Every structure is written in structure tokens, then in C-alpha cells.
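*Asks:* Provided below are the primary sequence and the corresponding predicted coordinates.
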Amino acid sequence: MSQLEIKNLTVSAVGQSNNILNDVSLSVDKGDILALLGPNGHGKSTLLNTIMGSTFYTVNDGDILLNKESILNDDVTTRSKKGIFMAFQNPPEIPGVITMDFLKASMNAHLDKPVSIYSFYKEVNAVYNKVNLDDDLINRYLNDGFSGGEKKRNEILQLLLLKPQICMLDEIDSGLDFDSIKMIADIINDLKKEGTTFIIISHYQKLLELVKPNKTAILVNGKVVLEGDYSLSLKVATSGYSFLEKEYHIDISKKEKKQVMLESCAVKKR
């Protein structure tokens, strides 16, 4: 039974007539690591945001099933409580919101009763050490003045606190040094052993080498054009996307869409 199933999903930006995603179908099972690949601006982030329930997008057709039940009518909070998590490509800075307050409120939203102060600090200190962040950051505004690496590690910190079933990581490795990438890869591999599912967008070979995704899907101009296993990820890493044109006659040039400054993303089995 697929844990998360995307069925014939067609999506546009709110207020726009042109579709960004066209008839996208994908599925992941418990413990899978899916590498979601494709050229820049072809729909990968749009797909993750749609799964998470972003109100910037409209689902025009298709469905999203979590454990065989549709979540299309669920808001972001409900989807999060059901076990879906997304780490942003560019985590926003939120002046005025103390990181500690944000983390505690996030944890409480997923619990039947509020976490005790003792348990909160014990768990938070442990994860700060695990992601190699200075715990003084907990008293600062959320991501405000954080370096790029601190923002990305702060996303992983939230993942560890919330313990989701399905983790969607949008270029979590961009801008990170090797030690930080290895730390994130170690966390992914540890959580995978516990049954956590991952969907990872990445343009860097190193993270994919370290986590070895068992599934790969390539998105081009709003469609999943090719699916495979880890070997497909390796082929992209060594050959880029030009092989899609040479071997499969798939046009990888971006089809510009008027007034839509978002990504586009397409099914051929490998």
C-alpha cells in the first residue's frame, strides 16, 4: 500500500489559467527515499508545496492520497498533524517571532497535551547538538540574521522535533559545506531505518550519494518524464539532463508561461 500517492495531479498558480503541473502521478511507500530531479524552474518545488497544501496553488484535477485517504480538503496545519513536513528551499526570516516560542508552539500543535518545560528543553538541547547549531539561537527571532547554513540546519532541527512520517526536503543541501551535508545525510539514513519517508529535491550529487534514494523521478515542464531507481540519479549526476533529449527525445527547454513566475514540472517508465 502506497503511503503517499499523487494521482493525475494538475495544478496552476492561484488566479492563473496556465497549468504548472500536468497530470503528475507518483507514489512513495513507507521508508522510501525519492529523489525528485529536473532542471531548474520545471515544477519540483510547486509539487512539494501543493502536497503541503500551499494556498498559492490551485489543484485543477487529480488527487493527493495519504494512506489511501484524500487530503485535498485539508489545510496545511491538518496535513502537518497527519505527518507531512516540508523543509523550505529558502527558509523565511520572521522578525518578532522568538525561535523558542515557535518550536514549542509547533511541538504542542502535534501533541494531545502541551509539552512540559523540562521535556521541551531536554529534547531541544539534544537536537541542537545533533544538528550542530549554537543553542543561543533559540532566543533569537526565527531565522533572522541566520546564515544560509544555519537556516537549513534549523529546518532539520524542526524535522527532528516534529517526527513526521513524510519529510519533503527542498534543496536542503544547497549552500552547505561537506560536513553539514554529511550530517543531514546521516539523519536521513537514521530516520529511514525507523520507517520515515523522504522526498528530496537536490541538484548536488554528494547528498544523493550519501543517502542512495531507492526511487528517482525527473520532472520536465510540468510532467514526470522518467522514473527509475538510484541508477537514474547517478546518470543525471554524470550526464546532466541532455540524455533525455538524446535517448528519449524529450525536449528539456523550458516552456515559458505568461505571467507565471513559478516552476513547471512530467510519465514514461524507465
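*Replies:* That came through fine. Computed from a predicted structure; not experimentally measured.
*Asks:* so what pLDDT did residue 175 get?
*Replies:* Note for residue 175: predicted pLDDT of 88.
*Asks:* can you list the low-confidence ranges for the stretch 101-250 of the chain?
*Replies:* By pLDDT under 70, the stretch 101-250 of the chain has no low-scoring segment.
*Asks:* which parts of it are strands?
*Replies:* With DSSP state E, counting those that start in this stretch as the criterion, the stretch 101-250 of the chain has strands at 141-142, 166-170, 197-201, 215-220, 223-228.
*Asks:* adding distance to residue 19 and mean neighbour count, write the ones you listed out as JSON lines.
*Replies:* For every residue, glycine as well, the C-beta is placed using N, CA and C. Below are these laid out as JSON lines (distance: least, CB to CB, whole Å; neighbours: other CB atoms under 10 Å):
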{"stretch": "strand 141-142", "distance to residue 19": "34", "mean neighbour count": "20"}
{"stretch": "strand 166-170", "distance to residue 19": "20", "mean neighbour count": "25"}
{"stretch": "strand 197-201", "distance to residue 19": "20", "mean neighbour count": "24"}
{"stretch": "strand 215-220", "distance to residue 19": "13", "mean neighbour count": "26"}
{"stretch": "strand 223-228", "distance to residue 19": "10", "mean neighbour count": "22"}
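*Asks:* to residue 89, which of those lies closest?
*Replies:* strand 166-170 (4.1 Å; CB to CB).
*Asks:* okay, the closest one in PDB with CA atoms only?
*Replies:* This file holds the C-alpha atoms of strand 166-170, laid out as PDB (Å, rounded to 0.1, in the frame of the first residue of the first chain):
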ATOM      1  CA  ILE A 166       6.800  12.000   5.300                       C
ATOM      2  CA  CYS A 167       9.600  14.600   5.000                       C
ATOM      3  CA  MET A 168       9.900  16.700   1.900                       C
ATOM      4  CA  LEU A 169      13.300  18.500   1.600                       C
ATOM      5  CA  ASP A 170      13.500  21.200  -1.000                       C
END
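*Asks:* and that strand, how far out from the chain's middle?
*Replies:* On the basis of CA atoms, centre = their mean, to the nearest Å, strand 166-170 sits 3 Å off its chain's mean C-alpha point.
*Asks:* what of stretch 57-74?
*Replies:* 17 Å.
*Asks:* pLDDT of that stretch, averaged?
*Replies:* Rounded mean pLDDT across stretch 57-74 is 97.
*Asks:* buried residues, that stretch. List them.
*Replies:* Using 16 or more other CB atoms under 10 Å as the test for burial, stretch 57-74 gives 57, 62, 64-66, 71, 74.
*Asks:* what does stretch 7-22 give?
*Replies:* 7, 9-13, 19-22.
*Asks:* would you turn those into JSON lines with secondary structure and pLDDT?
*Replies:* Below are these laid out as JSON lines (DSSP: H, G, I helix; E, B strand; the rest coil; pLDDT from 0 to 100):
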{"residue": "7", "secondary structure": "strand", "pLDDT": "98"}
{"residue": "9", "secondary structure": "strand", "pLDDT": "98"}
{"residue": "10", "secondary structure": "strand", "pLDDT": "98"}
{"residue": "11", "secondary structure": "strand", "pLDDT": "98"}
{"residue": "12", "secondary structure": "strand", "pLDDT": "97"}
{"residue": "13", "secondary structure": "strand", "pLDDT": "97"}
{"residue": "19", "secondary structure": "strand", "pLDDT": "97"}
{"residue": "20", "secondary structure": "strand", "pLDDT": "97"}
{"residue": "21", "secondary structure": "strand", "pLDDT": "98"}
{"residue": "22", "secondary structure": "strand", "pLDDT": "97"}
